[in-house]
Each structure stands twice: as structure tokens, then as C-alpha cells.
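Novice: structural data only, the sequence is not supplied:
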């Protein structure tokens, strides 16, 4: 049996973490949660994630820094990164993409849209 | 009680024969010990109560969040059935007769609604209404305490509870500026068809930073049809006129030009300045006669912007007027007039060069500076 895709959700807002965990598990993914950058950086080397959802504003280590670390590490550079941010400013979006993010979603977001995008990125990776 | 009084009498009889200083020391020690014990018991009780309430709140908060997680996650699953009707029995199982649980659910629905858009957001609002949580909003709106009332207005706007519009309307001219600000912002959101009606009745000044908040809000909510902001340019409230002028400028409402020209006769200089800037930005050549009329009756603070605007309009009809102004002894006037002539291109430059021979030292310096800048720019282009 094929093992489920692993997704890491890095988000300091408990509410979003829980909703995403519930919804993504329902979609059949194996979900890992991190409430700050520190926790995320501990989890990333321990697992091989297919996709990482990361919020820009995080305690300790920011989301853009995490994106940079993921994309600059040869072991994790192929992991898809979707950046979430309440700050939909053009420069934040551009910076996220410049650092290697695969997608950007502005908060508040539409949950079905996010799920569709996650599925798309995972499908692209599998292909 | 009897036991305590017996012990007190025994204690009294025991110490009565002792020397006074020892008696006092004993009484003080006993009182201190009593107070210490009381204080410890008080702290312990307070701590226990805090722990109890915290664990109780955590428990109910988790229950509520679990229900809301399921609700938000499943809201788009099947569009054939109504997710609210399906979820309502589960939410009604919560002991909503207990005030703190109701308040917690209220707060969490607002939090969830704040984080999600689309169908989930709409259905959260529906759930909120079905659970009659809007009663809490009503109570907040009717509260006599300003922070609670403000929270009520903010919540009303967030959930777009249009049935509270009449209540919100009553706060539009509230003596408290904080309430007024939130009420005006909420009114724009709640009354989408006539968002700006309140401008006709605003009696208190709309502060500068609040004008920015309102403008930001208007840009964010993208009303389907913007009103003609010139409608309120005859308001007696100066701040309303200022806000409308800013909105006319931002949304480039060219149909307001006639009224803006008319406003050049307004007694307030700040309003006149706004009008001058709009006419310049819209490059309204038909405004030139009105601007010239205005120029003669103004101080340097307004004359300089008028000259700048004439340069921007660049019609070529006011070259002689600008040349005369370029010879003015006031630096700002001479500078803006010379710059305006320069903006007219070859004709203006020729006039400046011609005037150069007879100019006063200050005016000469201005012209040299401006022509020098132009030459440098041209050389830069050629290079």
C-alpha cells in the first residue's frame, strides 16, 4: 500500500492549524504541525515532506527564512512550499517567490481553493 | 462562635497577669499569624478558582473548536445539503444556557469567520444567526460602556449584520469620537447601496486619520457603484468637504470639476488648496479663469500652488501672466512661475530667456538654476 503524502503545516494560529489538520487528514494526507519556526526546523530534517504550508509571520524564525532554508538545502529543495500571509503586499509576494516558494495564498483564504492548490502541487510532484 | 469566644476569654485570662509589653507582643504576633493564615488561604483559593476556570474554559474551548473545525472543513463537501442545518443539532448540544459557553462560541465563530473567506465565511454567519448569537451583539450595542459598544459595532461590521443598521445609524453622531469612527466605518459596510448617506448628516469633524481609515475601507470593499462625492461638497462640515475632495481625487471623478471650481470661493484655505491640487491633477484648462480670479485674492501660500497648477495644465494661454509672476520679488512665486513657464516648453523657455536680460538678481538666479537643470537633463538624454 502506498504511504500517504506528508504535509507540514507551519502556522502560529491554532485555529488555522486545527482546521487544516482536520481537512488535510480527511483528504488522506499525513499531517504534521508546527506552531513556530523553531519547531518546524526540527521537524523538516526528520521527515521527507511532499509539501510545506508556511505562514510568513511566525515567532522565532519567520516564514520567508524557513522557505529560504528549505529551498537552499539540497535535501529539501524539491519540497513544494506554499506561503500563507495576511500581508498580501506585492513585495512580500515577490520576496516569497524569489526565495523559491511555489505558491502564495493571502489570508483570509478560501479553504477549498487552498486544498485544490495543495492537490495540484502534490500531483505535479508525483508526475 | 461560642468556642472562639471561650478561647478568646482563656487567652485573655492567660495573658492578663503578664507585663504589658509582653501582652502587646503576644497580641501583635497572634494578629500577624491570623492575617498570614488568612492571606495564604485567600491566595490558595484564588489560585484554585483560577485553575478551575482555566481548565473549564480550555475544555469548552476545545469542544467548540472541534465542532467548528468539522463545520468549516465540511462546509463545501456536499452542496446538496445545508451544512448549517446538519451542524446545528451538534452545536445545540452545547449548554448554551451557560453564559460563558455562549460567549466563547460567539468569539470563536468570529475568529473563524475572520480567517476564512467564501462559502465557509457565509455559512459561519448563518450558523451565528441560527444560534441567536446576534443577541450578544445587540446587548453590546446597547451597552453604556464605550469599549463594549465599540466591540459590538466592530462585530456587526465583521459579520455584516444588516438588521442592526438602524442601531448603528444612531451612533453616527455619537459624542464619543471612537464610537463615531467605528459606526461610520460599519455604516459603509452595512449599507452597501447607500454607503455614504451618512455624510449628509455628519455634524462632528471627521479627523484626518479617520478620513484615511474610511478611504482605505472604501478601497477595500470595492462598492459596486461609487456615489458622486461632489454631492456633499456643499456640506457645512469642513471635514466632510475635505474627505469628499480626497475621494474625488482618488477615484478621479471628473464630473465633479464644476463644483470643485466653484469651491475655489470657499473661505477656508485648506479646502481651496485641495481644490487647486485636484484641478492641477485633472489638468482642467477650463479652470484657468477661476484660478486667476482666485490668485489675485490669495496669499503666497495659495498663489504658489496656483502657479504650479497653471504649469501643469500647460494650456499656453497664461504665458504673459506667468512671466509677470516670474518677476515677483517673493521667492516662492518667482520660482513656481518660472518653473511653470519652463513646463510650457519652447515658448515658455524663450520668454524666460528674454526676461533673463532684465531680471532682478534673485529671479536671475532662479532662471539660471531652472534653465541649467533643463540643459543638464537634455545633455543627459543626449548622452
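Specialist: Arrived safely. Since the structure is predicted, the reported quantities are computational estimates derived from the model, not experimental observations.
Novice: quick one, strands of the chain?
Specialist: Answering for chain A, as no chain was given. For chain A, the strands defined by DSSP state E occupy A:6-10, A:30-34, A:51-55, A:80-85, A:103-106.
Novice: relative to chain B, which of the ones you listed is closest?
Specialist: With Cβ to the nearest Cβ as the criterion, chain B lies closest to strand A:103-106 of the strands of chain A, at 9.4 Å. C-beta coordinates here come from the backbone N, C-alpha and C atoms, glycine included.
Novice: can you pull the buried residues of the closest one?
Specialist: By neighbour count on 16 or more other Cβ atoms under 10 Å in any protein chain shown, the buried set for strand A:103-106 is A:103, A:104, A:105.
Novice: and chain A, which residues reach chain B?
Specialist: Chain A comes close to chain B at residues A:13-16, A:18-19, A:22-23, A:26, A:107-113, as judged by Cβ under 8 Å from any Cβ of the partner chain.
Novice: at 6 Å what do you get?
Specialist: Proximity of chain A to chain B (Cβ under 6 Å from any Cβ of the partner chain) is limited to residues A:15, A:16, A:18, A:19, A:22, A:23, A:108, A:110, A:111, A:112.
Novice: pipe these into CSV and attach neighbour count and pLDDT per row.
Specialist: Shown next, in CSV, are the residues of chain A next to chain B (neighbours: other Cβ atoms under 10 Å in any protein chain shown; pLDDT from 0 to 100):
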residue, neighbour count, pLDDT
A:15, 18, 91
A:16, 22, 93
A:18, 20, 92
A:19, 25, 92
A:22, 18, 92
A:23, 23, 92
A:108, 17, 91
A:110, 16, 92
A:111, 23, 92
A:112, 15, 91
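Novice: out of the residues you listed, who's nearest residue B:59?
Specialist: residue A:18 (15.5 Å; Cβ to Cβ).
Novice: coming back round to it: dump the strands of chain A to JSON lines, plus mean pLDDT and distance to residue B:17.
Specialist: Shown next, in JSON lines, are the strands of chain A (pLDDT from 0 to 100; distance: least, Cβ to Cβ, whole Å):
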{"stretch": "strand A:6-10", "mean pLDDT": "95", "distance to residue B:17": "77"}
{"stretch": "strand A:30-34", "mean pLDDT": "96", "distance to residue B:17": "74"}
{"stretch": "strand A:51-55", "mean pLDDT": "95", "distance to residue B:17": "77"}
{"stretch": "strand A:80-85", "mean pLDDT": "94", "distance to residue B:17": "81"}
{"stretch": "strand A:103-106", "mean pLDDT": "93", "distance to residue B:17": "85"}
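Novice: of all the ones you listed, which one is nearest residue B:87?
Specialist: Closest approach to residue B:87 among those (Cβ to Cβ): strand A:30-34, 22.6 Å.
Novice: who does that closest one touch, helix- and strand-wise?
Specialist: strand A:6-10, helix A:14-26, helix A:37-46 (3 or more Cβ pairs under 6 Å, 6 or more residues apart in numbering or on different chains; DSSP states H and E).
Novice: around residue 55, how many other residues sit close by?
Specialist: Defaulting to chain A. 23 (other Cβ atoms under 10 Å in any protein chain shown).
Novice: hm, I was asking about chain B
Specialist: So residue B:55, with other Cβ under 10 Å, has 10 neighbours.
Novice: circling back: buried deepest among the helices and strands packed on strand A:30-34, which one?
Specialist: Greatest average neighbour count among the helices and strands packed on strand A:30-34 goes to strand A:6-10 (a mean of 24), per mean count of other Cβ atoms under 10 Å in any protein chain shown.
Novice: low-confidence ranges, chain A, go.
Specialist: Scanning chain A for pLDDT under 70 picks out the ranges A:1-2.
Novice: what about 90?
Specialist: Applying pLDDT under 90 to chain A flags residues A:1-4, A:48, A:59-60, A:86-92, A:123-127.
Novice: neighbouring contacts of the longest helix along it?
Specialist: Criterion DSSP state H: the longest helix present in chain A is helix A:111-126. Residues external to helix A:111-126 that are found in contact with it (Cβ atoms under 6 Å, 6 or more residues apart in numbering or on different chains): A:5, A:50, A:51, A:80, A:102, A:103, A:105, B:76, B:116, B:120.
Novice: the fourth one contacts residue A:102, doesn't it?
Specialist: Yes: checked against Cβ atoms under 6 Å, the pair residue A:80 and residue A:102 is within contact range at 4.6 Å.
Novice: mean confidence score for stretch B:221-235?
Specialist: Average pLDDT, stretch B:221-235: 82.
Novice: that one spans what distance, first to last residue?
Specialist: End-to-end distance for stretch B:221-235, by Cα to Cα, to the nearest Å: 25 Å.
Novice: now that stretch: buried residues?
Specialist: Buried positions in stretch B:221-235, judged by neighbour count with 16+ other Cβ under 10 Å: B:227, B:229, B:230, B:232, B:233, B:235.
Novice: ok, stretch B:105-125 next?
Specialist: For stretch B:105-125, the neighbour count (16+ other Cβ under 10 Å) marks B:105-106, B:108-117, B:119-121, B:123-125 as buried.
Novice: filter the residues you listed down to the ones near chain A?
Specialist: Residues of these in contact with chain A (Cβ under 6 Å from any Cβ): B:111, B:115, B:116, B:117, B:120.
Novice: hmm, which two among the residues you listed are most spread apart?
Specialist: The span of those, defined through Cβ to Cβ, is set by B:111 and B:117 at 14.1 Å.
Novice: for chain B, name the helix or strand with the lowest mean pLDDT.
Specialist: helix B:361-382 (a mean of 70; mean pLDDT, DSSP states H and E).
Novice: show me which residues of the stretch 51-200 of chain B sit near chain A.
Specialist: B:69, B:72, B:73, B:76, B:111, B:115, B:116, B:117, B:118, B:120.
Novice: tell me which of these fall in strands.
Specialist: Assigned to strands by DSSP E, none of these qualify.
Novice: so which of those are in helices?
Specialist: B:69, B:72, B:73, B:111, B:115, B:120.
Novice: can you count the residues close to the residue of the stretch 201-350 of chain B found nearest chain A?
Specialist: Here the stretch 201-350 of chain B gets closest to chain A at one residue, residue B:220, 11.2 Å apart by Cβ to the nearest Cβ. By other Cβ under 10 Å, 8 other residues sit near residue B:220.
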